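Engineer: sequence first, predicted coordinates after that:
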Amino acid sequence: MTTLMTARLRLEPLDDAHLDGLHAMNSDPAVMRWLGGPVATVDDTRAMIARVRTRWSEWGYGWWALVEHDGGALVGAAGIQHLGKDRANPHELGWRLRRASWGMGLAGEAMRAIVRHGFEELDAPRLCAIRHPDNAASLRLMERLGMRYVGVQHWDGADVPVHALARTAWRLRQDDDGAAPAHD
């Protein structure tokens with residue numbers, strides 16, 4: 001399993017050691033509002049970790065815990081999976097942060113590392129992301145990553161805006177900018 005590093009974060013594959021931090025985040029109604037589900041119980045969070053561990057073992061990628069270098073606090077989770085959780089579908093990016101970490105550029109920092117991993121290591125031809133229609137912060141991050149709106153599609157039981165970034169477009173951004181911005 002792959003660990004990724006950024007300036008402020010260590011991205012560790014989710015495991016049981018992250019249960020308390022993940023549960024604190026997943027049981028916050030403000031966080032879960034954007035994910036379209038109810039707040040999670042401890043058992044829900046355990047089941048999430050089990051699903052993610054299975055995907056890591058089957059696919060070689062999944063969700064990471066976002067852990068601060070300074071202090072070691074879990075500030076969120078982010079990952080790469082497939083739309084509809086089906087490997088036949090395009091790769092999907094996802095992220096969530098604990099409320100205290102919103103607005104600090106941590107999601108962008110983590111997602112730039114994951115996008116690079118998706119294109120360079122997984123050889124994904126395209127990365128997609130879905131969002132709650134009212135989640136302006138996620139829309140802004142998708143745009144900063146270079147993702148473009150492709151339309152409303154039905155995923156995870158709802159009609160949601162879908163955004164995508166092709167590997168070729170990402171490479172052009174890298175060539176034009178030298179590298180993606182270091183901080184949002």
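Structural biologist: Structure received. Numbering: from 1, shown residues only.
Engineer: can you pull the buried residues of stretch 43-54?
Structural biologist: Neighbour counts using 16 or more other CB atoms under 10 Å place T45, M48, I49, V52, R53 of stretch 43-54 among the buried residues. The way it works is simple: take the backbone N, C-alpha and C, and place the C-beta from them, glycine included.
Engineer: an error on my part: the question was meant for stretch 30-39.
Structural biologist: Here stretch 30-39 shows V31, M32, L35 as buried, counting by 16+ other CB under 10 Å.
Engineer: kindly report the same for stretch 151-168.
Structural biologist: For stretch 151-168, by 16+ other CB under 10 Å, it's W155, V160, P161, V162, H163, A164, L165, A166, R167.
Engineer: on that earlier part again, which one of the buried residues of stretch 30-39 is nearest A107?
Structural biologist: V31 (12.0 Å; CB to CB).
Engineer: what's the mean pLDDT across stretch 108-117?
Structural biologist: The pLDDT scores in stretch 108-117 average 96.
Engineer: name the residues that touch that stretch?
Structural biologist: If you take CB atoms under 8 Å, 6 or more residues apart in numbering as the criterion, stretch 108-117 is touched by 2, 4-9, 11, 61, 64, 66, 76, 78-80, 93, 95, 127, 141, 144-145, 165, 170, 180-184.
Engineer: separate out the buried members of those residues.
Structural biologist: For these, buried by 16+ other CB under 10 Å: 4, 6, 8-9, 11, 61, 64, 66, 76, 78-80, 93, 95, 127, 141, 144-145, 165, 170, 180, 184.
Engineer: what ranges do the helices span in this structure?
Structural biologist: Taking DSSP state H as the test, the helices found in the chain are 19-26, 29-32, 42-59, 106-120, 136-144, 167-177.
Engineer: pull the CA atoms of the first one into PDB?
Structural biologist: In other words, helix 19-26. Extracted in PDB, the C-alpha atoms of helix 19-26 (Å, rounded to 0.1, in the frame of the first residue of the first chain):
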ATOM      1  CA  LEU A  19     -11.000   4.800  13.600                       C
ATOM      2  CA  ASP A  20     -11.400   7.500  16.200                       C
ATOM      3  CA  GLY A  21     -10.400  10.400  13.900                       C
ATOM      4  CA  LEU A  22     -12.500   9.100  11.100                       C
ATOM      5  CA  HIS A  23     -15.500   8.500  13.300                       C
ATOM      6  CA  ALA A  24     -15.300  12.100  14.800                       C
ATOM      7  CA  MET A  25     -15.300  13.500  11.200                       C
ATOM      8  CA  ASN A  26     -18.000  11.100   9.900                       C
END
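Engineer: now do that helix against helix 42-59, angle only.
Structural biologist: In terms of direction (axes from the mean of the first three to the mean of the last three CA atoms, to 10 degrees), helix 19-26 departs from helix 42-59 by 110 degrees.
Engineer: now do helix 19-26: everything it contacts.
Structural biologist: Contacts of helix 19-26 with the rest of the structure, by CB under 8 Å, 6+ apart, involve 14, 31-32, 39-40, 42, 44-46, 48-49, 65, 73-74, 76-77, 96-98.
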